[in-house]
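Trainee: I would like to see how this sequence folds:
(one chain, ligands or ions: 1)
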Amino acid sequence: MGIRIRSIAHYVPDRILTNHDLEQMVDTSDEWIRTRTGIRERHLAAPDQATSDLATEAARRALERANLSADELDLIVIATATPDHFFPSTACLVQRNLGTRGQACFDMEAACPGFVYALQVARGTMMAMDYRYSLVVGAETLSRVTDWTDRNTCVLFGDGAGAVILERSSDTEDAFLSAFLGGDGSLADLLVQPGCGSRNPASPEVLERKDQFLKMKGRDVFKHAVLGMQESALIALEKAGLRADDLDWVVPHQANIRIIEATRERLGIPKEKVYVNIDRYGNTSAASIPIALSEMSSRGLLQKGHRVLLVAFGAGFTWGATVLRWTVS
Ligand code: ACO
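Mentor: So this is what the prediction gives:
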């Protein structure tokens, strides 16, 4: 009995915001953004698109590729830090959009590693509940919690969604060779959306302070990110009984090219084995890894049997990694 990835797909909104567009909005430059982050452009949701809309489109594509109908799903999990609402869950809205009902539905909030967390939570739920098919989506509209007048943060983020269908069956070898998840709440204040939750409910004062938008201590985040990514990757590799050399691909959370580079160097992995697409999408938080995997799959870079390390960190702080045997043809 094992769980495999049956299909993968992604969706990003059409609207592109380039670094040159940002030069018209805040005191920044294309050169600064490219050299400090590796980002050239990012996709932004249209005014009438929310996280559930991006997630639904990615989910429809993944279902089509799996040749499944939404009614065959047993579980819907959406990893997101930017849900449509606190309640109902984005997962329930995606279920409604897909025209189905009855499945277990919930959102997974673990910031950028949300998709890595959600894969494990979905696996556990599938085993506990004897489920056959699950939809796991990483989806974000970070543009909605970004202060577009703050050059320290607004150059970093983008919107998008990536979806997988997990299948559990008796004739399947498990695709998950190992996983590791971690967190450290003592670092919570380094990256936070301070307002509009139960701590500071929406009020004129909250809006005046712009506390509905994310705030970040970039340099500190950077330092902990590299440590968290490295530790997660090493533990996941050890648990899988593998060395870095045994990997075909590393797919890191796309937060900053310098974080990816520093992690790669510390793990001693050659550049050509690390997938990078931050230049075209920016940081899409929980969506970044499934978008990358979907792109790699479409480009024929992932082959059945490839050993792939996913590794991420984010607000909380949370971090995590998993080693997969790729199962999608
Ligand atoms: N354009 C021009 N200058 C800028 C910009 C900008 N967009 N942003 C900041 N600066 C300035 C700063 O004001 C500062 O100026 P000062 O020295 O006069 O004060 C200078 O550039 C250097 O600032 P640093 O913060 O030291 O720049 P750094 O090299 O650390 O890069 C960055 C900043 C890109 C934010 C980096 O720290 C980083 O990537 N941190 C991690 C961020 C991250 O990954 N966050 C996502 C976490 S995932 C999640 O959960 C959502």
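Trainee: alpha carbons only for contacts and neighbour counts from here, please
Mentor: Fine.
Trainee: close to the ligand: what parts of the stretch 1-150 of the chain are there?
Mentor: Proximity of the stretch 1-150 of the chain to the ligand, by C-alpha under 6 Å from any ligand atom, involves residues 28-29, 32-33, 36-37, 111-112.
Trainee: let's have those in TSV, adding distance to residue 268, neighbour count and pLDDT.
Mentor: Below are these laid out as TSV (distance: C-alpha to C-alpha, whole Å; neighbours: other C-alpha atoms under 10 Å; pLDDT from 0 to 100):
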residue	distance to residue 268	neighbour count	pLDDT
28	33	16	98
29	32	15	98
32	27	13	98
33	26	20	98
36	22	11	97
37	21	22	98
111	27	25	98
112	24	32	98
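Trainee: tell me which two in these are the farthest apart.
Mentor: Greatest spacing in those, by C-alpha to C-alpha: 29 and 111 (27.7 Å).
Trainee: domain assignment for the protein?
Mentor: Following automatic domain parsing, the chain resolves into domains at 2-169, 176-325.
Trainee: rounded mean pLDDT for the shortest one, please.
Mentor: It stands for domain 176-325. For domain 176-325, the mean pLDDT works out to 97.
Trainee: closest to the ligand out of the residues of the stretch 1-150 of the chain next to the ligand?
Mentor: Comparing those against the ligand with C-alpha to the nearest ligand atom places residue 28 closest, at 3.6 Å.
Trainee: I figured the closest one was touching residue 22, is that so?
Mentor: Yes. Judged on C-alpha atoms under 8 Å, residue 28 makes contact with residue 22 at a distance of 7.2 Å.
Trainee: report all helices and strands that the host helix or strand of residue 54 contacts.
Mentor: Assessed by DSSP states H and E, residue 54 sits inside helix 51-66. Packed against helix 51-66 by the contact rule (3 or more C-alpha pairs under 8 Å, 6 or more residues apart in numbering; DSSP states H and E) you find strand 2-11, helix 90-97, strand 133-141, strand 159-169.
Trainee: tell me which of the domains of the chain sits most buried.
Mentor: Across the domains of the chain, the average number of neighbours (mean count of other C-alpha atoms under 10 Å) peaks for domain 2-169, which reaches a mean of 21.
Trainee: what's near enough to touch the residue of the stretch 51-200 of the chain found nearest the ligand?
Mentor: The ligand sits closest to residue 152 of the stretch 51-200 of the chain, with a gap of 3.8 Å, by C-alpha to the nearest ligand atom. By C-alpha atoms under 8 Å, 6 or more residues apart in numbering, the contact set of residue 152 is residue 218.
Trainee: for it, helix, strand, or coil?
Mentor: Secondary structure state of residue 152, per DSSP: H, G, I helix; E, B strand; the rest coil, is helix.
Trainee: now do it against residue 121, distance only.
Mentor: 33 Å (C-alpha to C-alpha, to the nearest Å).
Trainee: go ahead and confirm residue 1 touches residue 132.
Mentor: No. With contact defined as C-alpha under 8 Å, residue 1 does not reach residue 132; the gap is 10.9 Å.
Trainee: which neighbours do the two share?
Mentor: 168-169.
Trainee: residue 173: how many residues sit nearby?
Mentor: By the measure other C-alpha atoms under 10 Å, the count of residues near residue 173 is 15.
Trainee: wait, doesn't it sit right on residue 2?
Mentor: Yes. Here residue 173 reaches residue 2: they are 4.8 Å apart, a contact under C-alpha under 8 Å.
Trainee: thinking again about what came up before, which of the helices and strands packed on helix 51-66 sits closest to residue 263?
Mentor: Comparing those against residue 263 with C-alpha to C-alpha, the closest turns out to be strand 133-141 (22.4 Å).
Trainee: mind giving me the packing neighbours of that closest one?
Mentor: Using 3+ C-alpha pairs under 8 Å, 6+ apart, strand 133-141 is in contact with helix 51-66, strand 75-79, helix 114-129, strand 159-169, helix 288-298.
Trainee: bridged to the closest residue to residue 183 other than its chain neighbours, which residues?
Mentor: Using C-alpha to C-alpha, 6 or more residues apart in numbering and skipping residues adjacent in sequence, the residue nearest residue 183 is residue 318, 4.1 Å away. Per DSSP bridges, the residues bridged to residue 318 are residue 183, residue 314.
Trainee: where's residue 318 relative to residue 52, distance?
Mentor: Separation of residue 318 from residue 52 (C-alpha to C-alpha): 23 Å.
Trainee: now the strands: where do they sit in the stretch 201-329 of the chain?
Mentor: 215-216, 249-252, 307-314, 318-325 (DSSP state E, counting those that start in this stretch).
Trainee: just the C-alpha atoms of the last one, please, in CSV.
Mentor: Included here for strand 318-325 are C-alpha records, laid out as CSV according to Å, rounded to 0.1, in the frame of the first residue of the first chain:
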residue,chain,number,x,y,z
THR,A,318,8.2,26.9,9.8
TRP,A,319,10.3,24.8,7.7
GLY,A,320,10.2,21.3,6.1
ALA,A,321,11.6,19.0,3.4
THR,A,322,10.5,15.8,1.7
VAL,A,323,12.3,13.4,-0.6
LEU,A,324,10.0,12.1,-3.4
ARG,A,325,10.3,9.4,-6.0
